[in-house]
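Asker: got a structure for you, letters missing:
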């Protein structure tokens, strides 16, 4: 076997999808694995990557995550009893990095989430780290990385799929949306780097922005329990999208994006949409970069009351025009991350 790619999140499906296709077109044997996960299952069913689903998401507790990861590692290991991969590619899979080390395979970490605690395990077990150049090298060095193993691309990860997104056009045509709306994205409250933070802020934020009466509010949730909680605590009339769906078409039609998630913030910024990020943790490096360019505004949880004021500024015609021009200029300078990753993996196989 030439390459094993392990996928854990919807973003990683989109990120690695063109890489896998390029490697297979080149004649390499590529195994793609994923886990059962509420946010991931729908996308696996829509993308033609021949993905083998092994194990499941561990939920919101540290115990559950550890138990699920440990069981999954054993199940994955059985796949390589007869034939081990030469290259293992992941975006922070503890199971993939641990198995690659144990089998003597070469693990490549392709990631923009330098803030994730999984890097304490994944980075020391990796041969290469492929990452956006907008992340300072020192942020990877603290996990034990060596400068020579860090290879940086001039891009942001969503660029890998933003030009290819029309493949999934049919998946969002069925949603009936109002003409003027504010799109709210909940934080990934079950992620290991947040663990339960963010939902209270979402409810508080939505209550605040209902003052912007000329706009409808559309909330893109991640989990059923999130959607149920929002229904219980907020007034009727708010549109809640609880089934997993690609965000880009919703972003394009929105007047304003309020995001607690990292990936959707990047997508909105690159599309030139007025964007306010209310991420509950320390601002990641790629978002600090976007904030410096003026493509996003960051509001800490303690200052949510200022959102209507900042929103009014961002929604002015002059501001929207500037944002669109900045985003277009940035996109012209960014390379394709999928092509960058493909070149490195292919070079190690030839």
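Answerer: That came in fine, so what should we check first? Everything quoted here is computed from the prediction, not taken from an experiment.
Asker: which residues of the stretch 251-350 of the chain fall in helices?
Answerer: 262-270, 285-292, 307-314, 317-333, 337-349 (DSSP state H, counting those that start in this stretch).
Asker: Could you pull out the buried residues of stretch 128-144?
Answerer: 128-132, 134-135, 139-140, 143 (16 or more other C-beta atoms under 10 Å). All C-beta atoms are positioned from the backbone trio N, CA, C, and that covers glycine.
Asker: pLDDT, distance to residue 247 and secondary structure added to those residues, as a markdown table?
Answerer: Listed next are these as a markdown table, based on pLDDT from 0 to 100; distance: C-beta to C-beta, whole Å; DSSP: H, G, I helix; E, B strand; the rest coil:
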| residue | pLDDT | distance to residue 247 | secondary structure |
| --- | --- | --- | --- |
| 128 | 97 | 29 | strand |
| 129 | 98 | 27 | strand |
| 130 | 98 | 24 | strand |
| 131 | 98 | 22 | strand |
| 132 | 98 | 19 | strand |
| 134 | 97 | 21 | coil |
| 135 | 97 | 22 | coil |
| 139 | 97 | 26 | helix |
| 140 | 98 | 27 | helix |
| 143 | 96 | 29 | coil |
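Asker: Return the member of those nearest to residue 213.
Answerer: residue 134 (37.7 Å; C-beta to C-beta).
Asker: Find the nearest non-adjacent residue to the closest one, please.
Answerer: Leaving aside its sequence neighbours, residue 134 sits nearest to residue 289 (C-beta to C-beta, 6 or more residues apart in numbering; 4.0 Å).
Asker: now swap in residue 201 and tell me
Answerer: residue 301 is the one closest to residue 201 (C-beta to C-beta, 6+ apart), at 4.8 Å.
Asker: List the contacts of residue 202.
Answerer: Contacts for residue 202 (C-beta atoms under 8 Å, 6 or more residues apart in numbering) come out as 184, 186-187, 219, 230, 260.
Asker: returning to that earlier point: what's the most buried one of the helices of the stretch 251-350 of the chain?
Answerer: Counting by mean count of other C-beta atoms under 10 Å, helix 262-270 has the highest mean neighbour count of the helices of the stretch 251-350 of the chain, with a mean of 27.
Asker: and stretch 233-242, which residues are buried?
Answerer: In stretch 233-242, counting by 16+ other C-beta under 10 Å, buried: 234, 239-242.
Asker: Span of that stretch from start to end?
Answerer: End-to-end distance of stretch 233-242 (C-alpha to C-alpha, to the nearest Å): 16 Å.
Asker: Now do the same contact list for residue 279.
Answerer: Counted by C-beta under 8 Å, 6+ apart, residue 279 has contacts 187, 198, 259-262, 265, 287, 298.
Asker: repeat that with 6 Å
Answerer: With contacts defined as C-beta atoms under 6 Å, 6 or more residues apart in numbering, residue 279 is in contact with residue 260.
Asker: Just the local confidence number for it, please.
Answerer: Reported pLDDT at residue 279 in the predicted model: 80.
Asker: For residue 264, see how far away it is.
Answerer: 11 Å (C-beta to C-beta, to the nearest Å).
Asker: Next: residue 327.
Answerer: Taken as C-beta to C-beta, the span from residue 327 to residue 264 is 15 Å.
Asker: now do residue 321
Answerer: Taking C-beta to C-beta, one finds residue 321 at 22 Å from residue 264.
Asker: How about residue 90?
Answerer: Note on residue 90: its distance to residue 264, by C-beta to C-beta, is 22 Å.
Asker: Ok, residue 232 next?
Answerer: 24 Å.
Asker: buried stuff in the least confident helix or strand in the chain by mean pLDDT?
Answerer: Using mean pLDDT, DSSP states H and E, helix 224-233 stands out as the lowest-scoring helix or strand of the chain, at a mean of 82. Buried residues in helix 224-233, counted by 16+ other C-beta under 10 Å: 226-227, 229-230.
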